[in-house]
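Colleague: just to be clear, the model below is a prediction. Sequence and coordinates:
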Amino acid sequence: MTTLSFTKGHGAGNDFVLFADPDGKVDLTAAQIALICDRHFGVGADGVIRAVRSSALPEGGAVLAEDPTAEWFMDYHNADGSAGEMCGNGIRVFTRYLLDGGYAHLAPGQTLPIGTRSGVRDVQQSGTGFQVDLGAWHLTGDDPLVRAKDLGVARPGLGIDVGNPHVVVALADDDELDRVDLGPRPVLDPEPVNGANVEFVVPSEPLIVDGIGRIRMRVHERGSGETLACGTGTAAAALATRYWAGDGAPDNWKVRVPGGTLGVRMFPTEEGEHVSLSGPAELVYDGELTVG
Ligand SMILES: N[C@@H](CCC[C@H](N)C(=O)O)C(=O)O
């Protein structure tokens with residue numbers, strides 16, 4: 001039996017169980033993680049985040065080679081126990097957890113480098129929440145047809161990688177977005193080799209206000225099902241909408257999701273265009289759980 005002190009947190013309703021394991025001694029199985037995330041038999045969450053020192057993990061070697069100051073690694077697992085490369089809401093909540101727990105410090109204007117399975121990600125304060133540079137993005141070329149319950153005919157998807165894989169589908173209007181049933185996992189044809197998170201988007205009316213693009217989005221996350229928000233998914237959705245909109249489309253976006261609104265910004269760097277995500281990060285309560 002392992003007893004863990006945990007904290008429950010969320011970013012725009014995308015919720016996580018977080019615990020500290022600085023020296024990498026707690027190795028939960030996929031079944032244990034799935035039980036913790038179960039909303040009836042466990043704490044209930046979209047994922048589990050372990051705060052572990054990069055130096056205590058095999059994956060941490062690459063992280064420390066990229067940035068020797070990336071002391072902390074966000075060890076993220078989905079609700080079914082599968083490992084995720086990156087979590088855009090999770091990393092903001094993780095930052096709040098590190099700061100409130102005294103594991104790290106972040107002065108205004110500074111950045112906190114955090115290790116993830118998709119590399120080092122820099123986080124900084126933004127209003128009452130945080131902004132994370134998700135790094136360089138790319139079209140994957142995996143553009144499957146997507147079938148979802150109550151949506152009628154299959155729709156074309158656009159594959160986008162922002163550190164983890166996404167397929168974005170444009171819907172006609174709010175009625176379609178409200179109608180689609182994301183309980184069952186959408187069927188992708190062909191299925192990308194590593195699976196994908198699937199985002200459904202509609203443009204707001206008007207699409208652009210004061211130079212900022214606006215869309216609504218719902219998501220079915222790989223390994224977690226429908227969630228109230230997906231940070232990397234909002235970045236993929238904004239990138240896809242800008243791609244479809246063509247020349248003159250803005251680089252700043254507001255993405256409305258069932259759990260709130262997140263900001264997305266695209267900006268040039270020496271290694272190509274990066275995309276950043278900003279939004280809230282809340283810690284809700286502390287508890288103790290025993291896993292057998
Ligand atoms: N909720 C996350 C994404 C979590 C990982 C995802 N389900 C995957 O398997 O890639 C976010 O906020 O980005």
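Modeller: Thanks, I have it.

Colleague: can I get the helix ranked longest in the chain in PDB? Just the C-alpha atoms.
Modeller: Identified as the longest helix of the chain according to DSSP state H is helix 231-245. Presented in PDB, the C-alpha positions along helix 231-245 are these (Å, rounded to 0.1, in the frame of the first residue of the first chain):
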ATOM      1  CA  GLY A 231      -4.700  23.500 -23.400                       C
ATOM      2  CA  THR A 232      -2.700  21.900 -26.200                       C
ATOM      3  CA  GLY A 233      -6.000  21.300 -28.000                       C
ATOM      4  CA  THR A 234      -6.900  25.000 -27.900                       C
ATOM      5  CA  ALA A 235      -3.600  25.800 -29.400                       C
ATOM      6  CA  ALA A 236      -4.100  23.200 -32.100                       C
ATOM      7  CA  ALA A 237      -7.600  24.500 -32.700                       C
ATOM      8  CA  ALA A 238      -6.500  28.100 -33.100                       C
ATOM      9  CA  LEU A 239      -3.600  27.100 -35.400                       C
ATOM     10  CA  ALA A 240      -6.000  25.000 -37.600                       C
ATOM     11  CA  THR A 241      -8.500  27.900 -37.800                       C
ATOM     12  CA  ARG A 242      -5.800  30.400 -38.800                       C
ATOM     13  CA  TYR A 243      -4.600  27.900 -41.400                       C
ATOM     14  CA  TRP A 244      -8.100  27.500 -42.800                       C
ATOM     15  CA  ALA A 245      -8.700  31.300 -42.700                       C
END
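
Colleague: state the mean pLDDT of that helix.
Modeller: Averaged over helix 231-245, pLDDT sits at 98.

Colleague: is any part of that helix close to the ligand?
Modeller: Yes: judged by Cβ under 6 Å from any ligand atom, helix 231-245 and the ligand are in contact via Gly231, Thr232, Gly233. For the C-beta atoms, the positions are set from N, CA and C on the backbone; glycine is no exception.

Colleague: again with stretch 170-189
Modeller: No: judged by Cβ under 6 Å from any ligand atom, stretch 170-189 makes no contact with the ligand; its nearest approach is 11.7 Å.

Colleague: what lies in contact with that stretch?
Modeller: 144-151, 154-155, 157, 167, 196, 198, 200-202, 216, 218-220, 225-226, 240-241, 244 (Cβ atoms under 8 Å, 6 or more residues apart in numbering).

Colleague: and that stretch, how far from the chain's centre?
Modeller: 19 Å (Cα atoms, centre = their mean, to the nearest Å).

Colleague: could you do stretch 162-171 as well?
Modeller: Distance of stretch 162-171 from the chain centroid (Cα atoms, centre = their mean) equals 11 Å.

Colleague: buried residues, stretch 62-73. List them.
Modeller: Neighbour-count burial for stretch 62-73 flags Val63, Leu64, Asp67, Ala70, Glu71, Trp72, Phe73 (criterion: 16 or more other Cβ atoms under 10 Å).

Colleague: would you map the strands across the stretch 101-250 of the chain?
Modeller: Assigned by DSSP state E, counting those that start in this stretch, the strands in the stretch 101-250 of the chain fall at 112-116, 119-126, 129-136, 138-139, 145-147, 155-161, 165-170, 187-189, 197-209, 212-221, 225-227.
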